[in-house]
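Visitor: Sequence first, predicted model second:
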Amino acid sequence: MADSNPQTLTQDEFATHFRRAAPVLWCVAAATLGNRDGAEDAVQDAALSAMRRLDSFHAGTNFTAWMSKIVRFTALNQIRHARRGPQPLSDEDTVPATDTAPSVAVTSAGELLPDQSQFDDRVLHGLQSLSEEQRTCLLLRTVVDLSYREIAGMLGMPEGTAMSHVHRARHHLMERLRAPANEGTTARRMR
């Protein structure tokens with residue numbers, strides 16, 4: 001019974017830990033799903049699921065790692081459910097399925113123009129082209145500033161693997177962002 005276990009988190013303790021872990025949990029969900037609205041839903045659903053099984057959390061262990069696993073599995077379940085039937089998509093969270101990404105509007109000094117949505121679309125398109133593991137590691141490292149050791153612990157992988165995923169993801173994104181936006185169009189015309 002959960003009530004007889006003195007090491008079980010109370011709801012208030014859960015809420016405190018959850019608030020601290022929220023940025024990491026959101027990144028895990030967003031990386032797994034590849035969309036912001038779905039990420040928020042996955043984190044909320046995972047929180048409800050975790051609240052029902054507080055007795056499975058062991059005091060003294062890493063709460064964020066425990067919750068990250070629940071968030072990831074919840075997000076994966078959302079993906080499976082979405083594949084079963086059509087789901088309405090939000091224009092904000094998806095990149096049009098095209099062979100070419102939009103061009104980036106920059107000044108001669110390399111600075112983004114005030115309307116940088118085209119750049120944002122290219123970054124989003126690049127992130128979506130990464131594997132789930134690479135995307136998750138990259139977001140946890142760059143957005144949440146977690147160490148490779150923390151990322152490895154949360155995702156249940158060796159530290160070197162987390163490092164490798166981040167390195168490969170960064171390299172892949174740099175290559176995608178350096179490539180001319182109309183490169184795919186040119187290649188098709190030449191055939």
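Guide: Thanks, I have the structure now.

Visitor: Which residues are in contact with the most centrally placed residue in the chain?
Guide: The residue lying closest to the centre of the chain (C-alpha atoms, centre = their mean) is residue 31, at 1.8 Å. Residue 31 makes contact with 132, 135-136, 138-140 under the criterion C-beta atoms under 8 Å, 6 or more residues apart in numbering. The C-beta positions use only the backbone N, C-alpha and C, and glycine is treated the same way.

Visitor: what do you get if the cut-off is 6 Å, keeping everything else the same?
Guide: By C-beta atoms under 6 Å, 6 or more residues apart in numbering, residue 31 lies in contact with 135-136, 139.

Visitor: where does the closest residue to residue 30 other than its chain neighbours land on pLDDT?
Guide: Nearest residue to residue 30 in three dimensions, chain neighbours excluded: residue 39, at 3.8 Å (C-beta to C-beta, 6 or more residues apart in numbering). Note on residue 39: pLDDT of 88.

Visitor: and the protein, what are its domains?
Guide: With domains defined by automatic domain parsing, the chain comprises 11-83, 117-180.

Visitor: Distance from the chain centre to the longest one, please.
Guide: Using C-alpha atoms, centre = their mean, to the nearest Å, the mean C-alpha position of domain 11-83 is found 12 Å from that of the whole chain.

Visitor: Residue ranges in the chain under the pLDDT threshold?
Guide: Filtered on pLDDT under 70, the chain yields the residue ranges 1-7, 85-120, 181-191.

Visitor: in it, which spans are strands?
Guide: In the chain, no strands are found when defined by DSSP state E.

Visitor: Now do the contacts for residue 151.
Guide: Residue 151 makes contacts with 137, 140, 162, as judged by C-beta under 6 Å, 6+ apart.

Visitor: how about the residues you listed in CSV, adding distance to residue 178?
Guide: Formatted as CSV, the contacts of residue 151 follow (distance: C-beta to C-beta, whole Å):
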residue, distance to residue 178
137, 21
140, 24
162, 25
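
Visitor: which one of those has the most neighbours?
Guide: residue 137 (30 neighbours; other C-beta atoms under 10 Å).

Visitor: wait, that residue sits on residue 168?
Guide: No - applying C-beta atoms under 6 Å as the test, residue 137 and residue 168 come out as separate, 9.1 Å apart.

Visitor: where do the helices sit along this protein?
Guide: Per DSSP state H, the chain carries helices over the ranges 11-33, 36-52, 63-84, 117-128, 132-142, 148-155, 159-178, 183-190.
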